[in-house]
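Asks: sequence below, structure please.
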Amino acid sequence: MKTEPAMTLRNAADGELGFGIMHFEDDKHFNEVQRVPYFSVILIAEGEGQLKADFTAYQISKGAILFFSPFQPFIIDGTTLKGVLINFHPDFFCIFRHRNEVACDGILFNNPNDPPFFNIPENESSSIYSIIEHITAEISFGGLAQHDLLIAYLKILLIRSIRIKFLKYTTSLPLDQHPTEAVLLRQLNRMIELHFKTIHSVGEYADLLNIPIKTLGRIVKNHFQRTLTEIIAERIIMEAKRELNFTSKTLKEIAYDLGFNDEYHFSRYFKNKIKISPQSFRNSLRNRHDGSPASGAVQNA
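Replies: Got it, this is the predicted structure:
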């Protein structure tokens with residue numbers, strides 16, 4: 001097993017990774033829990049394996065492209081995996097600040113309603129690999145305006161990925177849905193990601209989107225086969241599980257962070273959704289990991 005050394009750009013002031021790309025030929029960089037302070041894009045060029053992210057297991061194989069936000073935990077256990085990892089710090093390229101140019105937040109990243117990956121169609125793979133080759137060449141040899149060129153290539157990669165996913169997303173909509181409903185659903189995903197810690201009410205999301213609550217409920221139910229209340233709850237519970245597993249915050253602190261009046265209200269809400277109390281959930285994870293959650297970080301040369 002071998003891995004090409006990571007090629008990185010670092011912040012001159014503090015040495016923090018700004019941008020990095022690494023070609024890998026095994027799963028050793030991902031078979032412990034990853035929770036890194038960067039956006040991560042992983043392309044699986046060969047092999048197959050299991051991805052675990054946000055307490056869900058997925059099978060991945062050749063052609064899968066994965067997207068993770070900073071500190072989003074994930075782990076990959078695979079066989080004969082080969083591919084490319086790209087990391088970039090929010091200070092290097094902030095997807096939220098550049099949302100008018102690259103509207104990937106809520107589509108590629110931070111989308112609680114979809115798996116954090118999709119498969120690239122065979123007829124699109126050459127375009128993705130071509131972009132990665134340009135990135136590899138630029139970071140290897142550098143030159144004038146290297147930073148600007150890397151950001152440009154990164155934007156192209158993200159936009160191309162959005163187009164591929166959007167095509168899959170829109171073609172999956174029921175035939176009687178108007179195309180503007182797809183736009184509304186993406187806006188809703190974005191609103192939930194921005195406000196799920198403070199807004200738990202379906203009516204308030206309808207107000208934010210300036211749409212009648214019954215209309216919003218119908219569109220969501222038709223597309224996701226779930227109610228908006230269930231989708232909001234899933235995002236809240238996902239975050240609660242992350243906090244319980246990866247932080248030492250008290251139940252009171254987690255409850256406050258997630259918009260509950262007190263820890264008792266939070267505990268009842270959590271137990272009602274997954275049939276176990278938050279403290280019992282935390283204890284079960286600690287027992288599984290012999291007292292402390294696993295942690296890992298992608299190593300960069």
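
Asks: switch to C-alpha atoms for all contacts and neighbour counts from now on
Replies: Will do.

Asks: following the longest helix seen in the chain, which helix or strand shows up next?
Replies: Counting residues, the longest helix in the chain under DSSP state H turns out to be helix 146-171. Remark: after helix 146-171, the chain's next helix or strand is helix 179-195, criterion DSSP states H and E.

Asks: that following helix packs against which elements?
Replies: Under the contact definition 3 or more CA pairs under 8 Å, 6 or more residues apart in numbering; DSSP states H and E, helix 179-195 sits against helix 202-209.

Asks: quick one: buried residues of the helix it packs on?
Replies: Val202, Gly203, Tyr205, Ala206 (16 or more other CA atoms under 10 Å).

Asks: same thing with stretch 251-258?
Replies: Judged by neighbour count using 16+ other CA under 10 Å, the buried positions of stretch 251-258 are Leu251, Lys252, Ile254, Ala255, Tyr256, Leu258.

Asks: how about the first one, nearest residue that isn't a chain neighbour?
Replies: Leaving out its chain neighbours, the residue that sits closest to Leu251 by CA to CA, 6 or more residues apart in numbering is Glu263, at 5.8 Å.

Asks: what does the fifth one give?
Replies: Closest residue in space to Tyr256, ignoring its immediate chain neighbours: Asp262 at 6.7 Å, by CA to CA, 6+ apart.

Asks: what's the closest of the buried residues of stretch 251-258 to Asn189?
Replies: Checking these against Asn189 with CA to CA, the nearest one is Leu258 at 17.3 Å.

Asks: these two touch, right, that closest one and Ile199?
Replies: No - Leu258 lies out of contact with Ile199 (CA atoms under 8 Å); the separation is 9.2 Å.

Asks: what is the burial count for Asn287?
Replies: Other residues within reach of Asn287, judged by other CA atoms under 10 Å, total 11.

Asks: next, it: secondary structure please.
Replies: Asn287 falls in the helix class when you classify it by DSSP: H, G, I helix; E, B strand; the rest coil.

Asks: now do it against Leu157, distance only.
Replies: 41 Å (CA to CA, to the nearest Å).

Asks: next one: Ala240
Replies: 32 Å.

Asks: ok, back up a step: the residue nearest to Leu251: how many residues sit nearby?
Replies: Close neighbours of Glu263, defined as other CA under 10 Å, add up to 17.

Asks: could I get the contacting residues of it?
Replies: Glu263 makes contact with Leu251, Lys252, Glu253, Ile254, Ala255, Tyr256, according to CA atoms under 8 Å, 6 or more residues apart in numbering.

Asks: now do the same end-to-end measure for stretch 193-204.
Replies: End-to-end distance of stretch 193-204: 14 Å, with CA to CA as the criterion.

Asks: and for stretch 259-268?
Replies: Using CA to CA, the end-to-end distance of stretch 259-268 comes to 14 Å.

Asks: for that stretch, buried residues please.
Replies: For stretch 259-268, burial by neighbour count (16+ other CA under 10 Å) applies to Gly259, Phe260, Glu263, Phe266, Ser267.

Asks: got it, and stretch 75-87?
Replies: Ile75, Ile76, Asp77, Gly78, Leu81, Lys82, Gly83, Val84, Leu85, Ile86, Asn87.
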